[in-house]
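1. sequence plus the predicted model coming up.
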Amino acid sequence: MESKLIVLMTLLCTLFLPARATEDDKTDTPNARQARRIMETAYERVFGEQGSTLRYDVNIVGIYKTHGTIWMKGKKQRFVDERVDAFNDGTTAYMCYRKKKTVEIHAANSDKKDKHSGKFKFSLDDFNYQVALDKDLLLLTMKQKKKAKGTIKEVKAWVKPGTYAPVKLRIKVAFFWTTIRISDFKSGGISDELFVFPAERYKDWKMVDKR
């Protein structure tokens, strides 16, 4: 279950990667350009140097559910749920598994933190874009281009007008959909101390260095 959580975090964090529009994109319409600009603004609010935090509730086709809170600031990250408390200060990542009372230590940017993490990386240039109103929210739709090879086929992202704060994500991987609901979103005011591993708190736990 711990590895599934990390996969979900990877999905969440890759959704707002900034990308450049390609010159030969035949779908470069005013609507598509507006959708890209909104996505880039959402990226800045979530992953900018000011930092952000949010609560996530995940549902994978009704068979797996989880929830937790994540904090991000530049290359730093922390997330917590009922099983894992993770600290990443940008240099070293600490994965604290409560049930096993074990702390795994990894290089911050290592895919070894989870064997699935590398499978969900993709470029936004692999998608076509649309934006539309959906009740009181903006709905951004990203559909994979025919020649793209990534595993993520389609993304639907609901954001608030004006602030473009994320509210809900629907991600199609292969033939199934994952739904991520986002709440308690805050951009800015994130202290660097949040990402520092509190060694004293885990002094009696087993330490496994996997760097």
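-> On my side now, so go ahead. This one's a predicted model, so the numbers in the text were calculated from it and none came from an experiment.
2. helix or strand right after the helix ranked longest in the chain?
-> Scanning the chain for the helix with the most residues, using DSSP state H, yields helix 30-47. The helix or strand immediately downstream of helix 30-47 is strand 52-60, counting by DSSP states H and E.
3. for stretch 187-202, measure first residue to last.
-> End-to-end distance of stretch 187-202 (C-alpha to C-alpha, to the nearest Å): 29 Å.
4. the longest helix of the chain to strand 52-60, inter-axis angle?
-> Here the directions of helix 30-47 and strand 52-60 differ by 110 degrees (axes from the mean of the first three to the mean of the last three C-alpha atoms, to 10 degrees).
5. what is helix 30-47 packed up against?
-> For helix 30-47, the elements it packs on are strand 52-60, strand 127-134, strand 137-144, strand 152-159, judged by 3 or more C-beta pairs under 8 Å, 6 or more residues apart in numbering; DSSP states H and E. To be clear about C-beta, it is placed using only N, CA and C from the backbone, and glycine gets the same treatment.
6. what about this structure, any weak spots by pLDDT?
-> Per-residue confidence for the chain (pLDDT under 70) gives these ranges: 1-27, 61-62, 111-124.
7. all strands for the chain, in order.
-> Counting by DSSP state E, residue ranges of the strands within the chain are 52-60, 64-73, 76-80, 84-88, 92-97, 102-107, 127-134, 137-144, 152-159, 166-173, 176-187, 206-209.
8. which of those is buried the deepest?
-> Each of the strands of the chain was given a mean neighbour count from mean count of other C-beta atoms under 10 Å, and the largest, a mean of 22, is that of strand 84-88.
9. now the angle between strand 76-80 and it, please.
-> Using the same axes, to 10 degrees: strand 84-88 against strand 76-80 is 170 degrees.
10. run me through the strand neighbours of strand 84-88, direction for each.
-> Taking DSSP bridges as the criterion, strand 84-88 forms sheet pairs with strand 76-80 (antiparallel), strand 92-97 (antiparallel).
11. so which of those is nearest Gly189?
-> With C-beta to C-beta as the measure, strand 76-80 is the member of the strands paired with strand 84-88 nearest Gly189 (14.4 Å).
12. name the residues that touch the closest one?
-> Identification of contacts with strand 76-80 by C-beta atoms under 8 Å, 6 or more residues apart in numbering yields 5, 9, 13, 51, 68-72, 86-90, 192, 194-195.
13. could you do stretch 101-113 as well?
-> Taking C-beta under 8 Å, 6+ apart as the criterion, the residues outside stretch 101-113 that touch it are 6, 75, 88-97, 117-118, 202, 204-211.
14. same thing with stretch 174-182?
-> 8, 11-12, 54-61, 151, 153, 166-172.
15. go with 7 Å
-> Surrounding stretch 174-182, the residues in contact under the criterion C-beta atoms under 7 Å, 6 or more residues apart in numbering are 11-12, 54, 56-61, 151, 166-171.
16. distance of Ile190 relative to Gly74?
-> 10 Å (C-beta to C-beta, to the nearest Å).
17. ugh, wrong one, Tyr64
-> For Tyr64, the distance to Gly74 under the criterion C-beta to C-beta works out to 30 Å.
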